[in-house]
Each structure stands twice: as structure tokens, then as C-alpha cells.
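J.: Here's a sequence, model it:
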Amino acid sequence: MSVDKDTVRKIGRLARIHVPEESQEQIAGELNHILSWVEQLGEVDTSDVEPLASVTGHNLPMRADRVTDGEKADDVLKNAPQSASGFFVVPKVVE
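T.: Below you'll find the model as predicted:
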């Protein structure tokens, strides 16, 4: 895959960042360099490598899968500047 100035301009628009015209060629070169490095990773033979779920090899303790409200509503509402009936009170933003 090759990135050109038009692609950089499109990525910038999608990311909603301003990319100056004079920087687009340089950024395209940098992105092409990154993509070529990622393509090199595809050349590595990983057929004998087992999938890794954890680098430590430890299993995490399992807990019961049950739905709760966290049982900390009062503690959470202590942080609210204003609350009513167990909910945060926020200023109206839509007229």
C-alpha cells in the first residue's frame, strides 16, 4: 500500500486535524515508511509460536458473572456537585 498527498489530506480530514500543504509530502513519506515496516512483520514465520494470552502465565481469578449497580451509588454521588433521587443533576444544555 502506498500513501500519497491526497491520502494524507483525506486522513487529516477524517481525523479533523489540519495538515499544512507543505507537510503533506513529508507525512506521506513517513506513513509509507511505517507501512513498509509493518509489511516486514508479515514475513516473520510464526507458525511454531503458540498464541499468547498473558505474558506472566498467571490465570486471573474468576468471579461470579452477576449484574449489579456496583453497590457504591452513595459513594459515587458524594462526588457530585448536586444530586437528586439517586442521580446526578446536570445543567440543561438543550432548549
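
J.: Kindly spell out which helices and strands sit in contact with the biggest helix by length in the chain.
T.: Ordering each helix of the chain by length in residues (DSSP state H) puts helix 21-41 first. Here helix 21-41 touches helix 5-15, going by 3 or more Cβ pairs under 8 Å, 6 or more residues apart in numbering; DSSP states H and E. In short, each C-beta sits where N, CA and C put it, glycine included.

J.: how far out from the middle of the chain is the helix it packs on?
T.: 19 Å (Cα atoms, centre = their mean, to the nearest Å).

J.: about what we covered before: following the longest helix of the chain in sequence, what is the next regular element?
T.: Per DSSP states H and E, the first helix or strand lying C-terminal to helix 21-41 is helix 73-77.

J.: can you dump the C-alpha coordinates of that next one into CSV?
T.: Listed next in CSV are the C-alpha coordinates belonging to helix 73-77 (Å, rounded to 0.1, in the frame of the first residue of the first chain):
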residue,chain,number,x,y,z
ALA,A,73,-24.1,4.6,44.4
ASP,A,74,-23.9,6.7,47.6
ASP,A,75,-20.1,6.8,47.3
VAL,A,76,-20.3,7.9,43.7
LEU,A,77,-22.9,10.6,44.4
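
J.: So for it, mean pLDDT?
T.: If you average the pLDDT over helix 73-77, you get 89.

J.: same thing with stretch 16-24?
T.: Mean pLDDT, computed over stretch 16-24, is 94.

J.: what does it rub up against?
T.: By Cβ atoms under 8 Å, 6 or more residues apart in numbering, the residues outside stretch 16-24 that reach it are K5, V8, R9, I11, G12, I27.

J.: Columns distance to K72, pLDDT and neighbour count on top of the residues you listed, output as JSON lines?
T.: Formatted as JSON lines, the contacts of stretch 16-24 follow (distance: Cβ to Cβ, whole Å; pLDDT from 0 to 100; neighbours: other Cβ atoms under 10 Å):
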{"residue": "K5", "distance to K72": "52", "pLDDT": "93", "neighbour count": "14"}
{"residue": "V8", "distance to K72": "47", "pLDDT": "95", "neighbour count": "20"}
{"residue": "R9", "distance to K72": "48", "pLDDT": "94", "neighbour count": "15"}
{"residue": "I11", "distance to K72": "42", "pLDDT": "94", "neighbour count": "16"}
{"residue": "G12", "distance to K72": "43", "pLDDT": "94", "neighbour count": "16"}
{"residue": "I27", "distance to K72": "46", "pLDDT": "95", "neighbour count": "18"}
